[in-house]
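K.L.:
dropping the sequence and predicted coords here.
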Amino acid sequence: MEQLVLVIGLLFATVVAVGLGDRLKLPYPVLMLLLAVAMTFIPGFPDLQIDPELILPIFLPPLLFATAQKSSWSVFRVRWRTIILLAVALVVVSTAAVAGAAWLLIPGIGLPAAVALGAMAAPPDPVAVESVSGRVHMPRRLITVLQSEGLFNDAAAIVVFQAAVASALSGQPFGAEVAAKFALGAVAAVVVGMLMGWLTGLITRLITSSVARSAVTLVVPFAAYILAEEVHASGVIAVVVTALEIKRHARAEDAAERVTRAAFWDVVELLVTGLAFGLVGLEVREVVNAEGSAIWGMIPPAAGISVLVIAVRFLWFGLLALLSRKSEGGLQPTSLKDVVILTWCGMRGLATLALALALPTVLPSGDAFPGRHEIIVVACAVLLATLVLPGLTLPWLMRVLKATDDGVEEREAGRLLALRAQDAAVAALRDNELIKSLPQEKLQLVKSRMKRLHAELLDGNVDDGGADGRRRRGRELAIAVQTIALDAARQEVLTARNEAATDPEVADRVLRQLDLRTMIMPE
């Protein structure tokens with residue numbers, strides 16, 4: 001009961017942190033991390049024991065699934081170079097740099113444990129980045145770079161982490177077979193993800209309840225992750241592929257389900273992230289209690305490694321800026337300003353937390369895992385340096401660099417997509433036999449409804465016209481017209497979402513307005 005109360009308390013603290021963050025205009029992951037640090041100095045907190053082997057399967061699948069739903073396959077076809085350079089190469093370089101520094105600075109840590117620390121500190125968190133970048137009106141191009149980096153870097157880091165931990169537990173040397181394991185695991189994971197995506201589509205077609213169909217998506221990420229791990233594939237990649245497949249096969253008629261699912265996953269993402277930050281605070285408290293005054297000796301190596309993580313990222317993006325030919329629509333840094341912003345947005349988050357919590361406590365021999373306390377302290381220092389400091393100073397940095405985006409480009413993309421949806425709706429009505437048989441005055445009514453639909457898509461305000469207006473225009477005609485038009489418009493937006501030229505998040509915003517318009521239609 002005591003542990004259940006603690007979990008509920010952490011979830012409640014997450015809600016409070018979100019509300020406080022809205023008032024202070026601060027990202028809630030920053031506040032949760034500060035709260036986690038504060039918890040280390042509050043006496044009387046009970047210990048919450050979770051098997052390290054369960055940490056990754058519990059926390060990673062829902063958050064990866066929630067993030068991947070905001071992307072599409074076309075995005076990866078266009079951005080594959082960026083993904084390789086950032087999600088794989090930068091993770092490997094960062095891991096190697098941190099491992100080398102840890103091996104030199106932390107006595108007795110050993111190479112496998114040092115590599116595990118490097119993998120832990122390497123991947124930025126897309127959830128933390130989006131939480132911060134959305135408040136400062138960052139240029140969409142830079143957000144796209146960070147999103148491309150954020151989906152698959154966890155997979156590369158986790159493969160390296162697992163190989164390093166296995167080497168430490170078995171006593172076998174840490175070798176180059178990690179690359180082959182990652183490649184084979186990635187291929188197998190894509191197959192698992194495709195299979196789970198197809199199976200999810202089959203199940204949702206058989207279930208009539210929109211609530212039940214939304215609930216299926218909570219089970220699917222865990223199932224994909226566990227199945228992939230059982231066949232020695234990458235659970236991270238399997239979850240991402242599953243989410244992309246589900247989005248690719250989305251149906252126009254599932255308006256209510258999309259609205260329900262979006263709200264549901266926003267809540268899941270928020271609570272799981274907050275719980276993970278709270279748990280790492282408890283873990284740090286145990287380290288502080290166990291080490292006592294010796295904890296002060298761990299701070300200099302932790303500070304040095306934190307600076308190194310930021311420096312490696314700056315140098316990597318600086319190299320990309322020098323080599324950039326503005327390929328992939330400019331999805332690489334092209335100036336020193338870009339390099340500084342992208343470096344400052346390399347915020348570590350849930351992956352670092354989950355890997356820190358997943359670190360084994362003892363070796364098979366019964367000895368303590370080498371350098372475990374030091375590793376956790378370093379991981380927390382990296383979180384503080386890369387999340388709290390940038391989270392608090394990014395608005396100031398954006399103003400100094402004059403890099404704030406006015407959103408004109410994004411609004412124009414939304415306007416063009418809204419026009420495309422309107423054209424599809426008009427074309428569907430024009431070709432429909434019901435509409436062709438209407439008298440002229442009824443046709444004018446149809447045109448006025450199409451104009452209203454277009455206005456709603458642009459300004460985001462859904463207006464049902466009022467009960468009197470619906471009765472005045474004729475209930476049956478209104479329902480028929482809106483059903484035909486909205487079905488065609490939604491299908492056009494879903495088609496556009498799978499195209500390389502369309503930003504998935506812009507498409508999702510337009511689609512949400514259509515879905516809301518559908519849900520308020522009279523029955």
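P.N.:
Received the coordinates, thanks. Numbers count the residues shown, from 1 in each chain.
K.L.:
where is the longest helix in the protein?
P.N.:
Ordering each helix of the chain by length in residues (DSSP state H) puts helix 255-291 first.
K.L.:
I'd like the next helix or strand past that one.
P.N.:
Next in sequence after helix 255-291, counting helices and strands by DSSP states H and E, comes helix 299-323.
K.L.:
tell me which residues in the very next helix or strand once past that next one are buried?
P.N.:
Using DSSP H and E, the helix or strand that follows helix 299-323 towards the C-terminus is helix 336-344. Residues of helix 336-344 classed as buried under the neighbour-count rule (16 or more other CB atoms under 10 Å) are Asp338, Val339, Val340, Ile341, Leu342, Thr343, Trp344. C-beta coordinates here come from the backbone N, C-alpha and C atoms, glycine included.
K.L.:
same question for stretch 88-105.
P.N.:
Residues of stretch 88-105 classed as buried by neighbour count (16+ other CB under 10 Å): 88, 90-99, 101-103, 105.
K.L.:
between helix 299-323 and the host helix or strand of Ala379, find me the angle.
P.N.:
Per DSSP H and E: Ala379 is located in helix 372-383. With axes from the mean of the first three to the mean of the last three CA atoms, to 10 degrees defining the directions, helix 372-383 sits at 50 degrees from helix 299-323.
K.L.:
which helices and strands does helix 372-383 pack with?
P.N.:
Judged by 3 or more CB pairs under 8 Å, 6 or more residues apart in numbering; DSSP states H and E, helix 372-383 is in contact with helix 111-121, helix 255-291, helix 299-323, helix 350-358.
K.L.:
sorry, back to before: lowest-confidence one in the buried residues of helix 336-344?
P.N.:
The member of the buried residues of helix 336-344 with the lowest pLDDT is Asp338, at 86.
K.L.:
and the gap between that residue and Trp265?
P.N.:
Counting by CB to CB, to the nearest Å, the gap from Asp338 to Trp265 is 31 Å.
K.L.:
for Met39, same thing?
P.N.:
Met39 sits 27 Å away from Trp265 when distances are taken as CB to CB.
K.L.:
so what's Ser234 up against?
P.N.:
Applying CB atoms under 8 Å, 6 or more residues apart in numbering to Ser234 gives the contacts Ala155, Ile158, Val159, Phe182, Gly185, Ala186, Ala188, Ala189, Ala228.
K.L.:
coming back round to it: JSON lines for the buried residues of helix 336-344, including distance to His249?
P.N.:
Below are those laid out as JSON lines (distance: CB to CB, whole Å):
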{"residue": "Asp338", "distance to His249": "36"}
{"residue": "Val339", "distance to His249": "39"}
{"residue": "Val340", "distance to His249": "40"}
{"residue": "Ile341", "distance to His249": "36"}
{"residue": "Leu342", "distance to His249": "33"}
{"residue": "Thr343", "distance to His249": "38"}
{"residue": "Trp344", "distance to His249": "38"}
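K.L.:
looking at these, which one is closest to Ile246?
P.N.:
Nearest to Ile246 among the buried residues of helix 336-344 is Leu342, at 29.8 Å by CB to CB.
K.L.:
helix, strand or coil for Ile109?
P.N.:
Assigned state for Ile109: coil (three-state reduction, DSSP: H, G, I helix; E, B strand; the rest coil).
K.L.:
just give the number of residues close to it.
P.N.:
Using other CB atoms under 10 Å, Ile109 is surrounded by 25 other residues.
K.L.:
thought it was touching Ala101?
P.N.:
No: look at Ile109 against Ala101 with CB atoms under 8 Å: they stay out of range, at 10.6 Å.
K.L.:
quick one: what helix or strand has the spatially most central residue of the chain in it?
P.N.:
Central residue of the chain (CA atoms, centre = their mean): Thr67, 2.9 Å from the mean position. If you go by DSSP H and E, Thr67 is part of helix 52-68.
K.L.:
picking that back up, need the contacts of Ser234 in TSV with distance to Pro301, can you?
P.N.:
Output for the contacts of Ser234, formatted as TSV (distance: CB to CB, whole Å):
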residue	distance to Pro301
Ala155	28
Ile158	24
Val159	25
Phe182	28
Gly185	32
Ala186	33
Ala188	37
Ala189	35
Ala228	35
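K.L.:
next, give me the two most distant ones among those residues.
P.N.:
Between all members of those, the farthest pair (by CB to CB) comes out as Ile158 and Ala188, at 14.6 Å.
K.L.:
just the ones of the contacts of Ser234 in helices?
P.N.:
Those of those lying in helices (DSSP H): Ala155, Ile158, Val159, Phe182, Gly185, Ala186, Ala188, Ala189, Ala228.
K.L.:
what's around the first one, how many residues?
P.N.:
Pointing back at Ala155 there. 27.
K.L.:
that one and Ile226: what is the separation?
P.N.:
Ala155 sits 16 Å away from Ile226, going by CB to CB.
K.L.:
again, but for the third one
P.N.:
For Val159, the distance to Ile226 (CB to CB) stands at 17 Å.
K.L.:
nearest to Ala215, out of the helices and strands packed on helix 372-383?
P.N.:
Among the helices and strands packed on helix 372-383, helix 255-291 comes nearest to Ala215, with 8.3 Å by CB to CB.
K.L.:
my read is that Ala17 contacts Ala36, right?
P.N.:
No: counting by CB under 8 Å, Ala17 sits too far from Ala36 to count as a contact (10.2 Å).
K.L.:
from the buried residues of helix 336-344, pick the one nearest Leu271.
P.N.:
Distance to Leu271 across the buried residues of helix 336-344 (CB to CB) is lowest for Trp344, with 27.5 Å.
K.L.:
list the contacts of the closest one.
P.N.:
Pro390, Thr393, Leu394, Leu397.
K.L.:
hmm, Met347 and the third one touching each other?
P.N.:
What it means is Leu394. No: at 9.2 Å, Leu394 does not count as touching Met347 under the criterion of CB under 8 Å.
K.L.:
so which of the buried residues of helix 336-344 is the closest to Ala215?
P.N.:
For these, the nearest to Ala215 is Leu342 (37.7 Å; CB to CB).
K.L.:
how close does the closest residue in space to the closest one that isn't next to it in sequence get to Thr67?
P.N.:
In this structure, Leu342 finds its nearest non-sequential neighbour in Phe317, 5.1 Å apart by CB to CB, 6 or more residues apart in numbering. According to CB to CB, Phe317 and Thr67 sit 21 Å apart.
K.L.:
sorry, back to before: sort the ones in helices among the contacts of Ser234 by pLDDT and name the bottom one.
P.N.:
pLDDT across those is lowest for Phe182, at 73.
K.L.:
name the nearest residue to that residue, ignoring sequence neighbours.
P.N.:
Leaving aside its sequence neighbours, Phe182 sits nearest to Val159 (CB to CB, 6+ apart; 4.6 Å).
K.L.:
tell me the domain ranges of this structure?
P.N.:
Split into domains by automatic domain parsing, the chain comes to 56-266+298-401, 408-519.
K.L.:
could you identify which of those domains is most buried?
P.N.:
Across the domains of the chain, averaging neighbours per residue (mean count of other CB atoms under 10 Å) puts domain 56-266+298-401 on top, at a mean of 20.
K.L.:
now that domain, how far from the centre of its chain.
P.N.:
The chain centroid and the centroid of domain 56-266+298-401 are separated by 9 Å, computed with CA atoms, centre = their mean, to the nearest Å.
K.L.:
end-to-end on that domain?
P.N.:
38 Å (CA to CA, to the nearest Å).
K.L.:
between the buried residues of stretch 88-105, which sits nearest Gly297?
P.N.:
Set against Gly297, the nearest of the buried residues of stretch 88-105 by CB to CB is Leu105 (10.9 Å).
K.L.:
show the backbone phi and psi for the residue nearest to Ser306 when sequence neighbours are not counted.
P.N.:
Nearest non-adjacent residue to Ser306, counting by CB to CB, 6+ apart: Ala385, 3.8 Å away. With angles defined as degrees, to the nearest 10, Ala385 sits at phi -70, psi -40.
K.L.:
surely Ala385 is in contact with Leu308?
P.N.:
No: applying CB under 8 Å, one finds Ala385 not in contact with Leu308, separated by 10.1 Å.
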